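# the amino acid sequence is not available; the structure is as follows:
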C-alpha cells in the first residue's frame with residue numbers, strides 16, 4: 001500500500017499530464033529515500049513559475065512536503081515553505097501566515113537557521129499586508145530576535161556556512177521595515193546589506209529577483225541615498241549592478257542623478273534637474289528635502305574637488321571653491337564650515353587670505369573612472385620617487401669622493 005505522499009504525486013501526474021515527468025521523478029526519489037536529491041528536485045520544480053497550475057504548488061506542500069519535514073534539511077524546508085506562500089492569492093495573507101506559523105510552532109524540529117529564516121520571512125509577509133502598521137511591534141521583535149541569532153548562534157563555527165539565505169532574508173525584512181518607518185539612512189544601510197547577501201541578477205539570468213523587484217529596489221535605494229542626511233558616499237551604491245535596471249525605465253533620470261552625486265558634479269546635477277523637474281517633484285522624499293539635496297551636491301562638489309587634487313595642492317582659494325561648487329564667494333565659508341561639521345573634510349580657513357588648508361577628506365568608494373585617475377597619480381608618484389632616488393644616489397657618490 002502506497003503512502004499518502006506517494007499517492008499524491010502519482011495522482012498529480014495523471015491530473016497534470018504536462019508535469020507528469022516531474023511528479024514521477026519526485027515519486028521515484030521518495031521511494032528510493034534519496035532525500036537530498038528529492039529536496040533539490042522539489043526546489044527546482046517550485047522555482048519554475050510555469051509549473052504552477054491550479055494551485056498545485058500549495059497542494060504539493062500539504063500532501064507531499066509535510067510528510068518529509070523530518071527527513072530533509074530544515075533550512076531547505078523553510079525555503080520551500082516561503083516559496084509556496086508566494087503562490088497564495090495576493091489578498092490571502094492569512095493562509096500564508098498560517099502555513100509559516102505552523103512551522104514556527106516546531107522550533108526544536110527547525111533548528112536556529114530555519115527558525116530564523118521562516119520568522120523573518122513571516123515578518124516580510126506582515127509588512128506587505130495592505131495595513132502593515134499594526135504589525136510594526138511584532139516585526140520589530142522578530143527582527144531583534146533574529147539579529148541576536150545571527151550575531152551569536154549562527155556566527156559560531158558550528159553553524160558557519162556559505163549559504164547566505166538567512167542574512168538575505170533578515171536584511172530584506174529590515175529593509176522593508178525601515179522603508180515604512182524610516183529613516184532613509186537606515187533603509188539605505190539595510191538595502192545595501194541585502195544586496196551584498198543576495199544574487200541580484202534577474203531570474204532570467206540565474207538570479208533571485210524578478211525584473212520588477214530589481215527596478216523597485218534600484219529606485220528606492222536611489223531615493224534614500226539622495227535624501228538621506230548621513231549619506232555622502234555614493235561610490236558603493238552607484239557600482240551596484242541592480243542600479244542599472246533603471247535604464248530604459250521612467251526612472252532612468254534617477255540613475256543620472258546618482259552619478260552626479262557620486263562625482264560631485266554640480267553642472268550635471270543642474271542639467272538633470274532642469275530636464276526632470278516634474279519627476280523630482282513627484283517624489284515626496286525628494287521634494288520635501290529639495291533644499292538639503294541642493295546643499296548635499298554642493299558639499300559633494302567640495303569633497304570631490306579636494307579628493308582629486310594633488311597632495312601638494314592642499315591650499316585651496318575661496319575663488320576656486322566658489323567656482324567648483326557654483327556658489328557665491330560670500331557662501332564659501334559656510335560651505336567649508338558645513339563640510340567640517342559633517343566630518344566630510346578637516347582643515348583650517350584663513351578668512352584674511354581667503355583660502356582653505358585641507359588636512360583630511362572623507363575616504364570614498366571609487367568607480368572605475370576614479371580608480372583609473374588614482375592609478376595615473378600613483379604612476380606619477382612612482383616616477384617622482386624614482387627621480388628623487390636617483391638624485392640622492394648621485395649626491396651620495398659625490399660626497400664619498
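Nice, thanks for sending it over. In this text, all values refer to a predicted model and were calculated from it rather than measured experimentally.
# separation between residue 90 and residue 165?
24 Å (C-beta to C-beta, to the nearest Å). Quick note: C-beta positions are derived from backbone N, CA and C, even for glycine.
# neighbour count: these two, which is higher?
residue 165 (20 against 8; other C-beta atoms under 10 Å).
# can you pull the contacts of that one?
75, 79, 117 (C-beta atoms under 8 Å, 6 or more residues apart in numbering).
# what about the last one, which SS state?
When the structure is reduced to helix, strand and coil (DSSP: H, G, I helix; E, B strand; the rest coil), residue 117 reads as helix.
# tally of neighbours for it?
Neighbourhood size, residue 117 [other C-beta under 10 Å]: 27.
# what about the closest residue to it other than its chain neighbours, how many residues nearby?
On the basis of C-beta to C-beta, 6 or more residues apart in numbering, the spatially nearest residue to residue 117 that is not a chain neighbour turns out to be residue 78, at 4.4 Å. Residue 78 has 26 neighbouring residues, counting by other C-beta under 10 Å.
# got it, and the one 5 residues further on?
Residue 83 is surrounded by 16 other residues when neighbours are defined as other C-beta under 10 Å.
# show the average pLDDT along the helix or strand harbouring it.
Using DSSP states H and E, residue 83 sits within helix 74-85. Mean pLDDT, computed over helix 74-85, is 96.
# output the contacting helices and strands for that helix.
helix 35-47, helix 56-63, helix 93-104, helix 107-127, helix 165-181 (3 or more C-beta pairs under 8 Å, 6 or more residues apart in numbering; DSSP states H and E).
# residue 186: neighbouring residues, count only.
By other C-beta under 10 Å, neighbour count at residue 186 equals 18.
# one more: residue 113?
21.
# hmm, it is touching residue 154, no?
Yes. If you go by C-beta atoms under 8 Å, residue 113 and residue 154 touch, sitting 6.1 Å apart.
# show me where the chain has its strands.
315-317, 345-350, 355-361 (DSSP state E).
# packing partners of the longest one?
What that stands for is strand 355-361. helix 290-308, strand 315-317, helix 318-325, strand 345-350.
# ok, and what's touching the shortest one?
Applying C-beta under 8 Å, 6+ apart, the set of residues contacting strand 315-317 from outside is 305-306, 309, 354-358.
# who does that strand pair up with?
strand 355-361 (antiparallel) (DSSP bridges).
# and the strand it pairs with with strand 345-350, angle?
160 degrees (axes from the mean of the first three to the mean of the last three C-alpha atoms, to 10 degrees).
# buried stuff in strand 355-361?
With burial defined by 16 or more other C-beta atoms under 10 Å, the residues of strand 355-361 counted as buried are 355-356, 358, 361.
# quick one: mean pLDDT over that strand.
93.
# who touches that strand?
Here strand 355-361 has contacts from 303, 306-307, 309, 314-318, 321, 332, 336, 344-350, using C-beta under 8 Å, 6+ apart.
# hmm, 7 Å instead?
303, 306-307, 314-318, 321, 336, 345-349 (C-beta atoms under 7 Å, 6 or more residues apart in numbering).
# now list the buried members of these.
For the contacts of strand 355-361, buried by 16+ other C-beta under 10 Å: 303, 306-307, 316, 318, 321, 336, 345, 347, 349.
# out of these, who's nearest residue 389?
Closest approach between these and residue 389, by C-beta to C-beta: residue 307, at 27.7 Å.
# show me where pLDDT drops low in the stretch 151-300 of the chain?
157-161, 204 (pLDDT under 70).
# please repeat the previous calculation with a cut-off of 90.
For the stretch 151-300 of the chain, the stretches flagged by pLDDT under 90 are 152-163, 199-211, 235-236, 238-241, 248.
# all helices of it, in order?
Using DSSP state H, counting those that start in this stretch, the helices found in the stretch 151-300 of the chain span residues 165-181, 184-196, 211-227, 235-238, 252-263, 266-275, 277-281, 284-287, 290-308.
# gap between the third one and the chain center?
Right, the one you point to is helix 211-227. Chain-centre distance of helix 211-227: 9 Å, with C-alpha atoms, centre = their mean, to the nearest Å.
# the last one now?
When distances are taken as C-alpha atoms, centre = their mean, helix 290-308 is centred 24 Å away from the chain's centroid.
# name the helices or strands packed onto it?
On a contact count with 3 or more C-beta pairs under 7 Å, 6 or more residues apart in numbering; DSSP states H and E, helix 290-308 meets helix 252-263, helix 266-275, helix 318-325, helix 332-341, strand 345-350, strand 355-361.
# circling back: quick one: which of the strands of the chain is nearest residue 61?
In terms of C-beta to C-beta, the element of those nearest to residue 61 is strand 355-361, at 55.4 Å.
# any residues touching stretch 140-148, and which ones?
116, 119-120, 122-123, 170, 173-174, 177.
# ugh, wrong one, stretch 219-239
Contacts of stretch 219-239 (C-beta under 7 Å, 6+ apart): 179, 184-185, 187-188, 191-192, 243, 246, 251, 254, 257-259, 261-262, 283, 285-286, 289, 292-293, 299-300, 344, 362, 364-367.
# dihedrals phi and psi, the nearest residue to residue 344 once chain neighbours are set aside?
Nearest residue to residue 344, sequence neighbours excluded (C-beta to C-beta, 6+ apart): residue 362, at 4.9 Å. For residue 362, the backbone dihedrals (degrees, to the nearest 10) come out as phi -50, psi 130.
# ok, how many other residues are close to residue 362?
17.
# circling back: select only the buried ones of the contacts of stretch 219-239 in ChimeraX?
Per 16+ other C-beta under 10 Å, the buried members of the contacts of stretch 219-239 correspond to this ChimeraX selection:
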select :179,184,185,187,188,191,192,243,246,251,254,257,258,259,261,262,283,286,289,293,299,300,344,362,364,366,367
